[in-house]
Structure formats: C-alpha cells, structure tokens
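J.: Below is the sequence, then the predicted model.
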Amino acid sequence: MTDMLVAQRRERLISELEASGGLKVTSLAARLGVSRATVRRDLVDLETEGLVTRVRGGAMVATPRTEGQQAQPRQAVEPSGALSQAAPPEDGCVLGLLVPSATYYYPRVVAGVQAVAAARGARVVISLSHYAQDNEAERLEELGASGASGLLVASPGGHTLPPETYDQLRATGLPFVLMERQPDDPFAPCEFVATDHQQGAFAAVRHFVELGHESVALFTNGSPTAALLREGYEAAVRRLDLAPGGPVLDSGRPTLGSTEAARYYDRFIEECLAEHTKAALVHSDHDAIELMRRLRLRGLRTPEDLALIAYDDEIASLADVPLTAMAPPKHELGEQAARMLLDRLGAPDPQAVPVRQLLLQPCLNIRSSCGTVPRD
C-alpha cells in the first residue's frame with residue numbers, strides 16, 4: 001500500500017511541475033500536503049529516473065527523451081524576460097523564441113522547441129513578452145541582437161497576429177514561424193503552426209452527443225481562445241442537430257476564487273438546471289474545477305447532474321473527479337514549429353522552400369467527469 005501511495009504522490013508531483021513549468025520545494029510540499037523532506041526525497045529519485053531536473057530550491061520537468069538520449073532539462077526562463085544564455089552549437093544556428101508566459105500553457109511548447117533544437121544542434125534564446133504588446137518590438141529587437149538566425153513567435157494578445165506585428169517581424173529580415181498565431185491577412189505568405197481550437201470544441205461536443213446528450217452548454221473565461229471555442233461549439237450545435245438554447249456564458253476573466261467568479265459559476269449552473277442541460281464544455285481547467293466545487297455546494301454531482309469536459313488539460317487530471325479534457329498538443333506544436341524553421345534555415349535556397357501552414361487537432365483525454373469509463 002505504501003508503494004502505491006508513493007507512486008501516486010510522485011505522479012501528482014510531476015503533473016504539478018508540468019502544469020507550471022517549475023516550482024519551489026516549499027510550493028510543492030504545500031500543494032501535495034507533505035513535508036519538504038518528502039518532496040526532496042521524491043525529487044532525488046525522479047531525477048535519477050530522468051523525469052525531473054532539480055534546480056536551486058525546486059525542480060522542473062525534464063524534456064522527454066528520444067531513444068538513446070539522456071533527459072534534457074527545460075531551459076530556464078528568467079521572470080524578467082531576459083534572454084537565456086548557453087554555449088552556441090558548432091553550426092551556429094540560433095532560434096529566437098518569443099512567448100508571453102513561462103508558467104502557463106507555454107512551458108510544454110518551449111520544451112518541444114528545445115527537444116528538436118537539441119537533436120539538430122541548434123541553440124535557443126528565449127524572451128518573454130508577459131502578454132504586453134507594447135514591449136513586443138523591443139523583445140524582437142533583443143532576439144535579433146542576440147544573434148538569432150530565425151524567430152519562433154507567440155505574440156501577446158489573441159490568436160490573430162496584428163498587421164503591425166507582422167510588419168515588425170518582416171522588418172527584422174529573419175525567417176520566422178508563428179506559434180498559436182495566424183496572420184490577420186489569410187493570404188499572407190506566413191508560416192505558422194497552431195492548434196485548431198474550433199475542431200477541439202467540436203470534438204468535445206460530439207463526444208457528449210455520442211454519450212446520449214441532446215443539449216450541451218459552454219462556459220468560457222474571456223481568454224483569447226474563447227471566441228474560437230465558441231465557433232466550434234456553435235458549428236457542433238448546428239451540424240449535430242443539438243437542441244437549441246444550451247446555456248452559453250463567458251465570465252470575462254474575473255479573478256479566480258473571487259466573489260465575482262463564483263457568481264458566474266452559480267449563474268451558469270442555474271441556467272443549465274433551467275434548460276435541463278446536463279453536459280458542459282468548460283474553458284479552462286481552473287474554471288471546471290471551481291464549477292465542480294460550486295456544484296458540490298448545492299448537493300449536485302459530477303457527472304451525474306452535470307457532466308464536464310475541460311479545455312486545456314493542464315491540471316484536469318488532479319481534480320477530485322478527474323476531468324475529461326481536450327488537450328491542445330503543446331509539445332508537438334513546439335516541435336513542429338522548430339522543425340519548420342530549421343528546415344528553412346538549413347535549406348540550400350531558403351526561398352525555394354514552400355510556405356507551410358499547419359493546424360494540429362487537440363486530443364480528447366477521457367477520465368471520469370464526462371460519465372464514461374476512463375481510458376487506460
């Protein structure tokens with residue numbers, strides 16, 4: 001029994017690190033409800049197995065190994081947005097990487113970039129925009145000054161790249177690939193790799209229909225992804241002949257755990273009860289977990305009274321009732337973007353390489369919250 005508990009604790013420890021990119025021992029101990037000494041022992045064993053990399057005061061998840069390779073740690077990202085430094089590879093190829101966050105969604109994207117860069121002898125330098133569009137030009141200039149051969153860019157703001165940012169990227173004179181972004185002009189000769197969030201929402205609703213639901217609700221949190229999820233949801237309602245009137249609510253991103261957020265969850269539950277809707281797609285994991293808690297306070301259960309599918313799959317598996325979730329392929333997205341850029345940089349004639357635009361579909365990870373048997 002003790003061995004099973006240890007295995008479960010270490011699985012959750014890795015999940016916490018994957019969701020955040022890296023945490024201090026004190027934070028991990030608080031989240032898992034164990035002593036710091038226990039966490040340190042677990043980290044030593046997990047590092048020996050190549051699953052995590054210990055850093056001063058904490059740890060981060062190691063980049064997944066390819067066959068025959070030792071695990072590589074994720075590249076540390078300074079909170080200030082400063083560029084990370086490393087010895088250049090022999091061929092001198094440097095990938096400049098601009099992302100808006102080092103703690104949510106993007107750590108796995110960065111890990112995918114690093115895995116491909118390491119395998120192909122390239123170096124990665126990273127800059128953070130912190131979701132601030134007003135410093136984006138400065139960050140791009142910093143990456144250029146760092147000796148970047150090409151750029152991988154996830155700009156702040158929505159999933160559509162503003163024309164001015166596209167012009168700034170072209171003005172650098174460097175090849176670039178957008179990540180989770182597409183140009184405002186659909187005819188622009190611009191390379192990108194992005195998640196097809198509309199397809200993800202459609203697939204989630206379709207799964208509910210396959211389980212027998214005739215009405216499905218949608219809860220979103222005001223993020224840039226919300227509009228894309230609504231497009232996919234509305235397409236599913238039309239094409240799958242769902243009953244109209246399923247509740248649709250966007251909370252506008254109130255502070256998590258606030259009274260305002262609780263009001264939105266309660267309002268959504270009331271609307272689902274009034275419309276006899278017993279299934280909901282919820283973005284994000286945090287919102288799905290909080291919504292589940294508000295259901296419990298009313299004496300309602302998941303999935304019996306309201307089946308849930310979360311969208312993001314950052315911490316969905318850690319919920320009291322593990323959440324079925326649509327998981328954007330973050331690691332694969334980083335890998336594909338890095339390959340796309342390195343292929344162009346390594347071509348004898350980069351201008352002869354066709355412009356590539358790639359959409360990746362999210363994966364449905366089935367657990368308990370949707371009312372079906374979890375997959376092994």
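T.: Cool, got the structure. Residues are numbered from 1 along each chain as shown.
J.: The one helix or strand Ala37 maps to: which residues count as buried?
T.: Here Ala37, judged by DSSP states H and E, is contained in helix 36-48. Residues of helix 36-48 classed as buried under the neighbour-count rule (16 or more other C-beta atoms under 10 Å) are Thr38, Val39, Asp42, Leu43, Leu46, Glu47. Using the backbone N, CA and C atoms, a C-beta is placed for each residue, glycine as well.
J.: Among those residues, which one lies nearest to Thr225?
T.: Leu46 (31.5 Å; C-beta to C-beta).
J.: I'd say the closest one and Leu17 touch.
T.: No - applying C-beta atoms under 8 Å, one finds Leu46 not in contact with Leu17, separated by 9.1 Å.
J.: Which strands or helices does the helix holding Ala37 pack on?
T.: Helix 36-48 sits against helix 2-20, helix 25-32, strand 52-55, strand 58-63, with contacts defined as 3 or more C-beta pairs under 8 Å, 6 or more residues apart in numbering; DSSP states H and E.
J.: Return the per-residue confidence for Gly33.
T.: Here the pLDDT value assigned to Gly33 is 81.
J.: Also Glu275?
T.: For Glu275, the pLDDT comes out at 95.
J.: Just give the number of residues close to it.
T.: Using other C-beta atoms under 10 Å, Glu275 has 15 other residues around it.
J.: any idea how far Glu314 is from it?
T.: Using C-beta to C-beta, to the nearest Å, one obtains 29 Å as the distance from Glu275 to Glu314.
J.: center of this structure - which residue?
T.: Tyr105 (3.0 Å; C-alpha atoms, centre = their mean).
J.: got the contact list for that residue?
T.: Applying C-beta atoms under 8 Å, 6 or more residues apart in numbering to Tyr105 gives the contacts Asp312, Glu314, Pro328, Lys330.
J.: Okay, and Leu308 sits in which element?
T.: With DSSP H and E as the criterion, Leu308 is inside strand 307-311.
J.: Okay, now the sheet partners of the helix or strand following that strand, with direction.
T.: Once the chain leaves strand 307-311, the next helix or strand it forms, by DSSP H and E, is strand 324-327. Pairing partners of strand 324-327, with direction, according to DSSP bridges: strand 307-311 (parallel), strand 363-365 (antiparallel).
J.: out of the ones you listed, which comes closest to Val110?
T.: strand 363-365 (19.5 Å).
J.: for the record, mean pLDDT for that closest one?
T.: For strand 363-365, mean pLDDT rounds to 97.
J.: do the same with stretch 168-179
T.: Averaging pLDDT along stretch 168-179 gives 95.
J.: likewise stretch 290-298?
T.: Here the mean pLDDT over stretch 290-298 is 96, rounded to a whole number.
J.: again, but for stretch 108-115
T.: Stretch 108-115 carries an average pLDDT of 93.
J.: Looks to me like Leu98 is in a strand.
T.: Yes - read with DSSP: H, G, I helix; E, B strand; the rest coil, Leu98 is one of the residues of a strand.
J.: For the nearest residue to it once chain neighbours are set aside, give me the pLDDT.
T.: Sequence neighbours aside, Val153 is the residue nearest to Leu98 in space, at 4.8 Å (criterion: C-beta to C-beta, 6 or more residues apart in numbering). The score at Val153 is 96. That number is its pLDDT.
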